[in-house]
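**Q** sequence isn't available, so here's the structure alone:
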């Protein structure tokens, strides 16, 4: 069959299934599963696949790039530089943020928060808290901030600018995520103005659930 990205996606999906989850399938004997895995790996070693992925990463069309990001590492490519190059051009594209945030260390996380502060930008997201579900295309920037806040739970002390912005965001979900990220940090990693920011949010927060989480967090810090 002719090599194509569609076929490659199917093959990689099958490989992922048989190597990670198929052992629990009662309809697939272990011997057959091992044989199937070997056949897939042999097919994926063929030389025609890697150039398809490389071509997608080098494309000037975002849809082509997005189509191969999930395949890149399987064929020896690091997609992070490509994603970083695209983010200033497409700052509200959540798939790009999610893809690169899944790969970051502490220093890279710091750099991405600094980039997000400029290109989202944070100054446009710091608005009065409201009971806002954040649905629709006009909330794409908040959706990207949500992804950053989700990952900041794992990096205590980093990205306070993102958390502070989240605490003042119009979207209820985003404020929740900012509070939860801060709650995951050991208290000694909190910046000096974290407690005051929480106290200010407690005074202004219109959502009962968020207000209770903020209150609990403040009280646990006492």
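**A** Looks like it came in fine. Since the model is a prediction, treat every value here as computed from it, not as a measurement.

**Q** so where does the residue nearest in space to the middle of the chain fall, helix or strand?
**A** In the chain, the residue lying closest to the centroid (C-alpha atoms, centre = their mean) is residue 98, at 2.6 Å. Here residue 98 sits within helix 94-101, counting by DSSP states H and E.

**Q** could you check the angle helix 94-101 makes with the very next helix or strand once past that helix?
**A** Sequence order places helix 106-119 as the next helix or strand after helix 94-101, per DSSP H and E. Going by axes from the mean of the first three to the mean of the last three C-alpha atoms, to 10 degrees, helix 106-119 is angled at 150 degrees with respect to helix 94-101.

**Q** quick check: buried residues in helix 106-119?
**A** Residues 109, 112, 113, 116, 117, 119 are the ones in helix 106-119 that count as buried (16 or more other C-beta atoms under 10 Å). Using the backbone N, CA and C atoms, a C-beta is placed for each residue, glycine as well.

**Q** list the contacts of the residue nearest to the centre of the chain.
**A** Applying C-beta atoms under 8 Å, 6 or more residues apart in numbering, we find residue 98 in contact with residue 147.

**Q** over to residue 197?
**A** For residue 197, the contact set (C-beta under 8 Å, 6+ apart) comprises 164, 167.

**Q** which helix or which strand is home to it?
**A** helix 194-204.

**Q** what is the following helix or strand past that helix packed up against?
**A** Sequence-wise, the next helix or strand downstream of helix 194-204 (DSSP H and E) is helix 208-220. Applying 3 or more C-beta pairs under 8 Å, 6 or more residues apart in numbering; DSSP states H and E, one finds that helix 208-220 contacts helix 172-184, helix 194-204.

**Q** quick one: list the elements packing against the first one.
**A** Translated: helix 172-184. Helix 172-184 packs on helix 140-152, helix 160-167, helix 194-204, helix 208-220, going by 3+ C-beta pairs under 8 Å, 6+ apart.

**Q** before we move on, back to that, identify each buried residue in the helix holding residue 197, please.
**A** 194, 197, 198, 201, 202.

**Q** how much does that helix deviate in direction from helix 160-167?
**A** Using the same axes, to 10 degrees: helix 194-204 against helix 160-167 is 10 degrees.

**Q** and helix 194-204 with helix 172-184, angle?
**A** Angle, helix 194-204 to helix 172-184, by the same axes, to 10 degrees: 150 degrees.

**Q** out of the helices and strands packed on helix 208-220, which is closest to residue 2?
**A** Nearest of the helices and strands packed on helix 208-220 to residue 2, taken as C-beta to C-beta: helix 172-184 at 44.2 Å.

**Q** buried stuff in the closest one?
**A** Buried-residue list, helix 172-184, by 16+ other C-beta under 10 Å: 172, 173, 174, 175, 176, 177, 178, 179, 180, 181, 182.

**Q** skipping adjacent residues, who's closest to residue 165 in space?
**A** Nearest residue to residue 165, sequence neighbours excluded (C-beta to C-beta, 6 or more residues apart in numbering): residue 122, at 4.3 Å.
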